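Trainee: Predicted coordinates and the sequence they were generated for:
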Amino acid sequence: MIGYCTIGVKDMDKAKAYWGELLSELGASVQIDIGRLAMIGTGVDQPMIAVCVPHNEEEPSAGNGNMVAINPGSKEMVDKLHAKALELGGSNEGDPGQRIPDMFYGGYFRDPDGNKAVFFQFG
C-alpha cells in the first residue's frame with residue numbers, strides 16, 4: 001500500500017551513502033536518482049525510502065512524531081541493522097528490545113540529518 005516515504009536531507013551524497021549502505025543488508029539500492037531526490041529500495045514496484053533536498057530549498061527538518069518504520073524480517077536483523085545504523089553515523093533513540101509483550105520488537109535511531117526511524121518485527 002505504501003509506495004515510498006520521503007525524508008529531507010542536507011547532503012544528498014551523504015544521505016544516499018548512509019541509507020544505501022544501511023539498507024543494502026535487505027537487498028536495497030538506489031533505484032531512482034534525479035539529483036535532488038533519490039529513491040532507495042529493492043525495486044520500483046516495492047516500498048522505498050526517498051531522500052531529498054527540500055523543494056523549497058529551505059533547511060530540512062525532522063518532523064515531531066514522524067518516523068520511518070522498516071521491517072527487516074526478524075528480530076536478529078532488527079539488532080544487526082540498528083547497530084549498523086549507529087556505526088554509519090546515526091544516533092540511538094532506543095536500543096532494540098521487546099516494546100509490547102509478544103507483539104512488537106523494535107530498535108529506534110536517527111539518521112545523520114535527525115530523521116527518526118525504527119527497525120521492527122511483530123511478534
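Mentor: Arrived safely, thanks for sending. Keep in mind that what you see is a predicted model, and the values were worked out from it rather than measured.

Trainee: Figure out how far the helix or strand hosting Tyr105 is from the centre of its chain.
Mentor: Using DSSP states H and E, Tyr105 falls within strand 104-110. When distances are taken as Cα atoms, centre = their mean, to the nearest Å, strand 104-110 is centred 11 Å away from the chain's centroid.

Trainee: Against which helices or strands is that strand packed?
Mentor: Here strand 104-110 is seen to pack against helix 75-87, strand 91-100, strand 116-122 when contacts are counted using 3 or more Cβ pairs under 8 Å, 6 or more residues apart in numbering; DSSP states H and E. Bear in mind the C-beta positions are built from the backbone N, C-alpha and C, glycine included.

Trainee: Show me what counts as buried in that strand.
Mentor: For strand 104-110, burial by neighbour count (16 or more other Cβ atoms under 10 Å) applies to 105-110.

Trainee: Then stretch 58-71?
Mentor: 60, 70.

Trainee: again, but for stretch 87-104
Mentor: Residues of stretch 87-104 classed as buried: 90, 96 (neighbour count, 16+ other Cβ under 10 Å).

Trainee: do stretch 10-28 as well
Mentor: 12, 15-16, 18-19, 22-23, 26, 28.

Trainee: and if you look at stretch 28-43?
Mentor: Burial within stretch 28-43, assessed by neighbour count using 16+ other Cβ under 10 Å, is assigned to 28, 30-31, 38-41.

Trainee: Mind picking the two most distant members of the buried residues of stretch 10-28?
Mentor: Pairwise distances across the buried residues of stretch 10-28 peak at 21.1 Å for Met12 and Leu26 (criterion: Cβ to Cβ).

Trainee: Keep only those of the buried residues of stretch 28-43 that are in strands.
Mentor: Using DSSP state E, the members of the buried residues of stretch 28-43 that fall in strands are 30-31, 38-41.

Trainee: Now do the contacts for the nearest residue to Gly27 once chain neighbours are set aside.
Mentor: Of all residues not flanking Gly27 in the chain, Thr42 sits nearest, at 5.0 Å (Cβ to Cβ, 6 or more residues apart in numbering). Contact partners of Thr42, counting by Cβ atoms under 8 Å, 6 or more residues apart in numbering, are 26-29.
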